[in-house]
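Participant: how would this look folded up:
(one chain, ligands or ions: 1)
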Amino acid sequence: MIVQRKGARLLSRSIYRLFSTKAKETESSTQSNHAISNKQLLFTTDPVSPGSVFFLPHGTRILNKLIQFMKNQQVKYGFQEVVTPLIFKTKLWQKSGHWDNYKDDMFKVVGNDLSKEEHTDNIEEHEYGLKPMNCPSHCMIFAKFDRSYQELPVRYSDFSSLHRNEASGALSGLTRVRRFHQDDGHIFCSLDQINQEIKNTLTLIKDTYSIFGINEIEFYLSTRPEEKYIGDIETWNKAEDQLKNVLNSTVGAGNWKIREGDGAFYGPKIDVLLTDAFGKKHQVGTIQLDFQLPNRFDLKYVGEDGNRDHQPILVHRAVYGSLERFFAILLDHYQGKWPFWINPRQAIIIPINETHVPVAESLQKRLSGEMLNGEDAIAPLTSFNFYVDIDKRGETIGARTKEAIQKGYSYIILIGDKDIANGTFAVRTRDDRKVKNMTSNEIYDTFVQLEKSYK
Ligand SMILES: [Zn+2]
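Facilitator: This next block holds a predicted model:
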């Protein structure tokens, strides 16, 4: 269980709590999260679904950017995305061990009309569990086919919703939730491949956090417990040696700490903690080796020696961890001043009067990647498309500009007679009053460069 307690180190004892959805929030961070979300209309909650967040259109834009960013990185690192079921029969959870160890934190799902089930005489046959994690699905996919050493490592990624039945009284905002999403990934590999896989994951974790300007990161290696562990000591030692070497070469000797004996019974792990703008530490990324699930699911591959009895090691890994929590961390971190590439309000066009609206609409079309005001029947599948609004209300320029800044638009674009005559637009940023005259192509190219460089 990964729970942060005052003065206590993070504990992790069980796979069934691999990624905790709980985090202690400071009063100030919760308040500032809600204040920013209310102002920018990012997300909401309702007692009709405690602990499940409604992402509003602008919050969804941010969430989708986070997901798209990670999907592209996963392609780079050889992951294949899969889409897996949300409900599974109880027998799957018995096989994975969740039913014995994690049942109280799971939701049961039963259809109202049992005549639709095949075996109505057996209650267990029509009882389903809503998944709290993706690992069993990915083990099932691995087990569906004959596997050879030549295919390894097999890497699956999954952004499914996950549900965990946390006590309803403790639920709030984005960090104490029942439903959440992870940038989840599972790697099936041989013992010799761990080195490279962990190196890749640590590199991705460091690179990702640095894109968001988060550089205060701590790495912890938790090793084999003294008693009650599965697998042979030789495998443990070899795996731990590889993790130590990779940590030394990737984050540097002296830049990580060891938690002797604090690994789970099924394998050693690396936890990644970051410090937010309020000085509070968050458990985000995790890399967890697992010698147990491959055994429970009887995962096998044919080795180079022709032997069919080789068992892969499973690596659970996540970079953001819970997307909801990472969203909350970013809310605190940026205080609503989103960088352009992730800003759900990238630019606003302010036509000085009604006669300038058609030109504003044509600029909006261009910047939206021909999505808005387009005459083409079908929107393009891929293009750079930016979130650009038009404020054509009759308010003064000053009032509309002020409101645009308050709402967090990165760029404010003014259009008047002079601009139209010159074929340019008066462009300013959220933080700088200085106006620059730019053509529509120059604006578009600037936006493309900002997005490409994650600025
Ligand atoms: Zn997992």
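Participant: Leaving out the residues flanking it, which one is nearest to the residue most central in space within the chain?
Facilitator: Among the residues of the chain, the one closest to the centroid is Leu323, at 3.7 Å (Cα atoms, centre = their mean). Excluding the flanking residues, the one nearest Leu323 by Cβ to Cβ, 6 or more residues apart in numbering is His181, at 4.5 Å. (C-beta placed from N, C-alpha, C; glycine too.)
Participant: in a strand, that's where that neighbour is, yeah?
Facilitator: Yes - assigned with DSSP: H, G, I helix; E, B strand; the rest coil, His181 falls within a strand.
Participant: Does it have any beta-bridge partners, and if so which?
Facilitator: Ser161 (DSSP bridges).
Participant: Would you enumerate the residues in contact with it?
Facilitator: Contact partners of His181, counting by Cβ atoms under 8 Å, 6 or more residues apart in numbering, are Phe159, Ser160, Ser161, Leu162, Ser322, Leu323, Glu324.
Participant: and which of those is nearest to Asp146?
Facilitator: Set against Asp146, the nearest of the contacts of His181 by Cβ to Cβ is Ser160 (26.0 Å).
Participant: Got the domain ranges for the protein?
Facilitator: For the chain, the TED database gives the domain ranges 29-86+131-334, 340-453.
Participant: neighbours around the residue in the stretch 151-300 of the chain that the ion sits nearest to, how many?
Facilitator: Of all residues in the stretch 151-300 of the chain, His186 sits closest to the ion, at 5.6 Å by Cβ to the ion. If you count neighbours by other Cβ atoms under 10 Å, His186 ends up with 27.
Participant: Secondary structure element holding it?
Facilitator: Taking DSSP states H and E as the criterion, His186 maps to strand 179-189.
Participant: I'd like the average pLDDT over that strand.
Facilitator: For strand 179-189, the mean per-residue pLDDT is 97.
Participant: For the next helix or strand after that strand, list every residue counted as buried.
Facilitator: Per DSSP H and E, the first helix or strand lying C-terminal to strand 179-189 is helix 194-211. By neighbour count with 16 or more other Cβ atoms under 10 Å, helix 194-211 contains the buried residues 194-195, 197-202, 204-206, 208-209, 211.
Participant: got the angle for the strand holding His186 vs helix 194-211?
Facilitator: Inter-element angle recorded for strand 179-189 and helix 194-211: 150 degrees (by axes from the mean of the first three to the mean of the last three Cα atoms, to 10 degrees).
Participant: Run the chain-centre distance for stretch 297-317.
Facilitator: 29 Å (Cα atoms, centre = their mean, to the nearest Å).
Participant: Same check on stretch 53-70?
Facilitator: Distance of stretch 53-70 from its chain centroid, counting by Cα atoms, centre = their mean, is 10 Å.
Participant: Repeat that for stretch 410-423.
Facilitator: 38 Å.
Participant: what distance separates the start and the end of that stretch?
Facilitator: Taking Cα to Cα, to the nearest Å, stretch 410-423 runs 22 Å from one end to the other.
Participant: What lies in contact with it?
Facilitator: For stretch 410-423, contacts defined as Cβ under 8 Å, 6+ apart pick out 338-340, 343, 345-352, 355-356, 359-360, 363, 397, 401, 404-405, 425-430, 435, 437, 439, 443, 447.
Participant: Which PyMOL command selects the buried ones in these?
Facilitator: Filtering those down to the buried ones (16+ other Cβ under 10 Å) takes a single PyMOL command:
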select buried, resi 338+339+340+343+345+346+347+348+349+350+351+352+356+359+360+363+401+404+405+425+426+427+428+429+430+443+447
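Participant: from the contacts of stretch 410-423, which ones fall inside strands?
Facilitator: Counting by DSSP state E, those place Ala347, Ile348, Ile349, Ile350, Pro351, Phe425, Ala426, Val427, Arg428, Thr429, Asn437 in strands.
Participant: circling back: and the strand holding His186, which residues are buried?
Facilitator: Buried residues in strand 179-189, counting neighbours by 16+ other Cβ under 10 Å, are found at Arg179, Phe180, His181, Gln182, Asp183, Asp184, Gly185, His186, Ile187, Phe188, Cys189.
Participant: Return the alpha-carbon coordinates of it using CSV.
Facilitator: C-alpha atoms of strand 179-189 as CSV (Å, rounded to 0.1, in the frame of the first residue of the first chain):
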residue,chain,number,x,y,z
ARG,A,179,-12.3,6.1,-10.7
PHE,A,180,-8.9,7.1,-12.3
HIS,A,181,-6.7,6.4,-15.2
GLN,A,182,-3.1,5.5,-15.5
ASP,A,183,-0.5,5.6,-18.2
ASP,A,184,-0.2,2.0,-17.4
GLY,A,185,2.3,-0.3,-19.0
HIS,A,186,3.4,-3.9,-18.6
ILE,A,187,6.6,-5.4,-19.9
PHE,A,188,7.2,-9.1,-20.3
CYS,A,189,10.9,-9.8,-20.6
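Participant: still on that earlier bit, closest one to Phe291 out of the buried residues of helix 194-211, please.
Facilitator: Ile194 (11.5 Å).
Participant: avg pLDDT for stretch 132-148?
Facilitator: Stretch 132-148 carries an average pLDDT of 97.
Participant: which of the residues in it are buried?
Facilitator: For stretch 132-148, by 16+ other Cβ under 10 Å, it's Pro132, Met133, Asn134, Cys135, Pro136, Ser137, His138, Cys139, Met140, Ile141, Phe142, Arg147.
Participant: I'd say Pro132 and Lys103 touch.
Facilitator: No - counting by Cβ atoms under 8 Å, Pro132 stays clear of Lys103, with 10.1 Å between them.
Participant: picking up where we left off before, packed most tightly, which of the domains of the chain would that be?
Facilitator: Scoring the domains of the chain by mean neighbour count under mean count of other Cβ atoms under 10 Å gives domain 29-86+131-334 as the most buried, with a mean of 18.
Participant: How far away from the center of its chain is it?
Facilitator: On Cα atoms, centre = their mean, the centre of domain 29-86+131-334 falls 9 Å from the chain's centre.
Participant: Quick one: residues contacting Pro268.
Facilitator: Leu221, Ser222, Thr223, Arg224, Trp236, Ala239, Glu240, Leu243, Leu289.
Participant: Any regions of the stretch 51-200 of the chain where pLDDT drops low?
Facilitator: The model of the stretch 51-200 of the chain has pLDDT under 70 over residues 119-121.
Participant: Those residues of the chain touching the ion, which are they?
Facilitator: Selection of the chain residues close to the ion by Cβ under 5 Å from the ion yields Cys135, His316.
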